[in-house]
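Student: predicted model follows, preceded by the sequence.
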Amino acid sequence: MATESPDTHRELVELRRQINYWRAQHTRAVERQAIWKEKAQQLEQMVRQQEAQITELIQQNETLTQQIQALKAKVAQLQQQLFGRKSEQTKDLVPENHDGDQEACNASEATSESKNNRGKQPGSKGYGRRRRSGLPTEEILHELPKAEQCCPVCGKPFSVFPGSEDSEEIHWEVRLVRHIHKRTRYRPTCHCRAVPGIMTAPPVPKLIPKGMFSCGFWVHLLLEKFLFQRPLYRVRQVLALEGLSVSQGTLTGGLKRIGELLQPLYTGILERSRAADHWHMDETRGMVFAEMEGKVGYRWWLWVVVPHDSCAYLLEPTRSAKVPQNHLGEEAMGIINADRYVVYKSLGGK
């Protein structure tokens with residue numbers, strides 16, 4: 001075996017070193033390639049996400065643009081309705097010897113005449129009649145008279161054809177009904193004598209004992225009087241048209257009895273109002289045609305006291321400081337929001 005010379009050995013060592021070096025460089029390059037490839041994939045994924053976000057933002061921008069344009073059109077329409085020329089206003093007069101102005105005015109008039117007026121246009125299709133299906137329905141059958149239910153020539157009778165020709169109308173019906181309550185009576189058949197005499201069904205509850213009118217009648221009268229502000233003499237006229245003649249004193253007396261029934265509720269509202277520590281108060285004059293000893297005239301005052309959870313009305317013949325003092329009491333402390341009427345200033349340092 002031939003021995004290697006020193007120069008050959010050095011060359012082999014150098015070649016092995018370079019091989020190891022380039023092999024290591026190659027390994028690093030492969031690793032870097034894998035890292036950059038992974039980063040490139042991540043960047044591509046981010047780019048795709050950003051493109052999707054950009055597309056979504058563009059769509060949102062288009063939607064916002066459309067909404068802005070619609071709002072601008074709505075604002076322009078409202079400005080025209082509020083500040084624009086009204087149909088009752090006269091047109092501006094065009095000065096003479098101004099042919100150009102006259103032509104421009106004629107053109108503007110032709111343009112304005114060509115435009116449609118606001119609202120539903122003549123000749124356009126309507127919306128159709130609205131069906132009030134929520135109202136109670138009553139079907140009424142209409143038939144031909146017996147003499148017309150046959151052929152006028154041969155006399156043979158007609159046969160009923162399936163179905164019917166239907167039409168509807170809204171009927172306003174106001175009725176006064178006289179209820180007769182018949183209470184069944186019972187007699188025991190045993191000899192125990194635990195139930196003496198004849199038993200009768202209990203009487204119907206009434207708002208006013210032995211009164212003429214039902215609870216529903218008084219509810220309707222209260223609505224007419226206090227919700228719709230209809231005087232009692234007009235209510236009596238309406239009742240007279242329906243066949244019921246009733247005196248003014250009967251209705252007034254019934255309302256007074258109902259007022260007595262509501263007095264505990266009114267007392268509770270007043271107590272609730274006095275227990276507060278912050279009130280809004282005001283008063284206004286009104287005519288009350290009631291005789292009162294020591295008072296001249298019919299001018300009264302309606303006071304209102306409004307804390308945070310109730311509302312009390314005080315109908316008083318005077319406008320003095322006694323009204324809020326009597327209502328709130330001498331030991332009341334709190335805040336009153338009111339106008340500059342001197343009565344409120346004289347209530348004291350509390």
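Tutor: That came through, no problem.
Student: only C-alpha atoms from now on, for both contacts and neighbour counts.
Tutor: Noted.
Student: count the neighbours of H181 for me.
Tutor: Residues near H181, counting by other C-alpha atoms under 10 Å, number 8.
Student: can you tell me how far T8 sits from L15?
Tutor: 10 Å (C-alpha to C-alpha, to the nearest Å).
Student: got it, and W22?
Tutor: 11 Å.
Student: could you pull out the strands in the protein for me?
Tutor: Assigned by DSSP state E, the strands in the chain fall at 185-186, 199-200, 278-287, 299-306, 312-316, 335-337.
Student: buried ones in the fourth one?
Tutor: For strand 299-306, the buried set under the neighbour-count rule, 16 or more other C-alpha atoms under 10 Å, comprises 300-306.
Student: between those, which is closest to Y341?
Tutor: Top of the list for closeness to Y341, among these and by C-alpha to C-alpha, is W303 at 13.0 Å.
Student: test of understanding: give the bridge partners of the closest one.
Tutor: E283, L314 (DSSP bridges).
Student: I'd say it and S320 touch.
Tutor: No: using C-alpha atoms under 8 Å, W303 is not in contact with S320, being 11.0 Å away.
Student: ok, I180 - how many residues close by?
Tutor: What I180 shows, counting by other C-alpha under 10 Å, is a neighbour count of 6.
Student: same question for F217.
Tutor: F217, neighbours per other C-alpha under 10 Å, totals 11.
Student: check L328 too.
Tutor: Using other C-alpha under 10 Å, L328 has 20 neighbouring residues.
Student: which residue packs closest to it, ignoring adjacent ones?
Tutor: Setting aside the residues directly before and after it, L328 is nearest to R274 in space (C-alpha to C-alpha, 6 or more residues apart in numbering), at 5.2 Å.
Student: relative to N326, how far out is the one you found?
Tutor: In this view, R274 and N326 are 10 Å apart by C-alpha to C-alpha.
Student: the two: who's more crowded?
Tutor: Each of R274 and N326 has its neighbours counted (other C-alpha under 10 Å); R274 has more, 18 against 9.
Student: got a list of what that one touches?
Tutor: 327-329, 332 (C-alpha atoms under 8 Å, 6 or more residues apart in numbering).
Student: show me which of those residues are buried.
Tutor: Neighbour counting with 16+ other C-alpha under 10 Å marks 327-328 as buried within the contacts of R274.
Student: and the contacts of R274, which is closest to L262?
Tutor: Once C-alpha to C-alpha is applied, the member of these that ends up nearest L262 is H327, at 18.8 Å.
Student: and the closest one, what is it in contact with?
Tutor: With the criterion set at C-alpha under 8 Å, 6+ apart, H327 makes contact with 270, 274.
Student: ok, what's across the strand from H278?
Tutor: I335.
Student: right, and it touches L328 too?
Tutor: No: because the distance of 11.0 Å does not satisfy C-alpha under 8 Å, H278 is recorded as not touching L328.
Student: cool, thanks, talk later.
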